[in-house]
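Asks: Got a sequence here, can you build the structure:
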Amino acid sequence: MTGPGPRRVEGALLAIDTATTRVVIAIGSFGGDIAGTTTWVAGYRHGETLLPTLETFLADRELGRDDVAGIVVGTGPGAFTGLRVGLATAKGLAHAARIPLVGVSTAEALLHAAGDSIGVVLLPAGRSDLVIVRRGEAPRLLPGGTEPEVAPGEAVMAVDLDGRAPVDAATRGEAAREGLGQALLRLGAARLQAHPDGELAVVVPEYVTLPRGVRAATGTVAWSRDPR
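Replies: Prediction:
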C-alpha cells in the first residue's frame, strides 16, 4: 500500500522498518515531516523485496540514493530474519554514502503513532509467546498462556497478533501501523539532532530469542542490547 502521491524532497531523511510482517519505508525532511510512504507484506522475503522496492520508491519521487542525507531504522523488537535484513540494508546504505544513521525502537514508534491514549503494545514472540512494551519501560516477554497485566481502563494495541489478541486491540494496532513511517521520521529526526554524526556503530536489533531469551528471575527478554 502506498501513501500520498510522490513529492520530491531535498536532503531527504529515509526511514526503514522491517520488525513486523509489514515492511515500512518512508521519506521526509530532517524536521520530521513526511513526503511519502509505502508498506507491503514481506513474509520471509525481506531480502528479495526490500532493496528493489526501495529503489522504485525513490525513483517515483525523482530521488536516488545520493539524495538521501540520513537514515532512520526500526530496531524492533522483532524476529531475526526481518530485523537482520532491515538493519544490514540500512547500515550498508549509510556506510556507503557516509551519511548518519540512527536507530529507533519500533515499539516506541508504534506507541508514538498511536497517541497518548494508548500506552501498551503487544507483539508476537514466536507462535505462542508475546512481548509487551509499555511507554518508558523495557520490553518484557510473556510465555504462552500468560495474560498481560492491564490496568482498568488501560488501552492496549496488538500488532501481528490476529486471532491471538482482542479484535479492538488488533484494530488499534493496525491504525498505529498506518502512522509508523511518520513516527519513525519524527523520532529519528529528534535523535539526529542529539546525535548529528549518527550511531551506525552502535545500532543493533532487538531480537526476540526463545526460550533462552527469558531470565528466570525477572522474565525480562534478553535482547541484543539493553533496551532501556
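
Asks: I'd say Ala114 and Ala176 touch.
Replies: Yes - Ala114 is within contact range of Ala176, at 4.1 Å (criterion: CB atoms under 8 Å). Placement of C-beta: from N, CA and C, glycine included.

Asks: which residues do these two both contact?
Replies: The contact sets of Ala114 and Ala176 overlap at Val121, Met157 (CB atoms under 8 Å, 6 or more residues apart in numbering).

Asks: what's the residue nearest the centre of the chain in contact with, if anything?
Replies: Centroid-nearest residue in the chain: Thr106, 3.0 Å away (criterion: CA atoms, centre = their mean). Counting by CB under 8 Å, 6+ apart, Thr106 touches Asp17, Ala19, Thr20, Gly74, Thr75, Gly76, Pro77, Gly78, Leu180.

Asks: ok, which stretches of the chain are helices?
Replies: Along the chain, counting by DSSP state H, helices occupy 46-60, 80-97, 106-114, 167-178, 180-194.

Asks: So for Gly28, which of these sits nearest?
Replies: Closest to Gly28 of those, according to CB to CB: helix 180-194, at 4.4 Å.

Asks: worst-scoring helix or strand of this structure, pLDDT-wise?
Replies: Here the helix or strand of the chain ranked lowest by mean pLDDT, DSSP states H and E is strand 140-142, holding a mean of 91.

Asks: tell me how far that one is from the chain's mean position?
Replies: Distance of strand 140-142 from its chain centroid, counting by CA atoms, centre = their mean, to the nearest Å, is 18 Å.

Asks: And it, what does it pack against?
Replies: strand 129-134 (3 or more CB pairs under 8 Å, 6 or more residues apart in numbering; DSSP states H and E).

Asks: Strand partners (parallel or antiparallel) of the strand it packs on?
Replies: Strand 129-134 has the following strand partners under DSSP bridges: strand 118-125 (antiparallel), strand 140-142 (antiparallel).

Asks: Determine which stretch of those strands is the most buried.
Replies: Highest mean neighbour count among these (mean count of other CB atoms under 10 Å): strand 118-125, with a mean of 23.

Asks: what's the angle between that one and helix 167-178?
Replies: Between strand 118-125 and helix 167-178, the angle comes out at 90 degrees (axes from the mean of the first three to the mean of the last three CA atoms, to 10 degrees).

Asks: Just the angle for strand 118-125 relative to helix 106-114, thanks.
Replies: 140 degrees.

Asks: how about the CA coordinates for strand 118-125, as CSV?
Replies: The C-alpha coordinates for strand 118-125 follow below in CSV (Å, rounded to 0.1, in the frame of the first residue of the first chain):
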residue,chain,number,x,y,z
ILE,A,118,-2.6,4.0,24.2
GLY,A,119,0.3,3.1,26.4
VAL,A,120,0.8,-0.6,25.8
VAL,A,121,1.7,-2.6,22.6
LEU,A,122,1.7,-6.4,22.3
LEU,A,123,3.9,-8.1,19.7
PRO,A,124,4.5,-11.7,18.8
ALA,A,125,7.4,-13.7,20.1
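
Asks: now what about that strand, what contacts it?
Replies: Residues external to strand 118-125 that are found in contact with it (CB under 8 Å, 6+ apart): 20, 77-79, 107, 110-111, 114, 130-135, 141-142, 148, 150, 154-161, 164-165, 169, 172-173, 176, 208, 210, 213, 221.

Asks: Write the PyMOL selection for whichever of the residues you listed are buried.
Replies: Under the burial definition 16 or more other CB atoms under 10 Å, those of those that qualify are selected in PyMOL by:
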select buried, resi 20+77+78+79+107+110+111+114+130+131+132+133+134+141+142+148+155+156+157+158+159+160+161+165+169+172+173+176+208+210+213+221
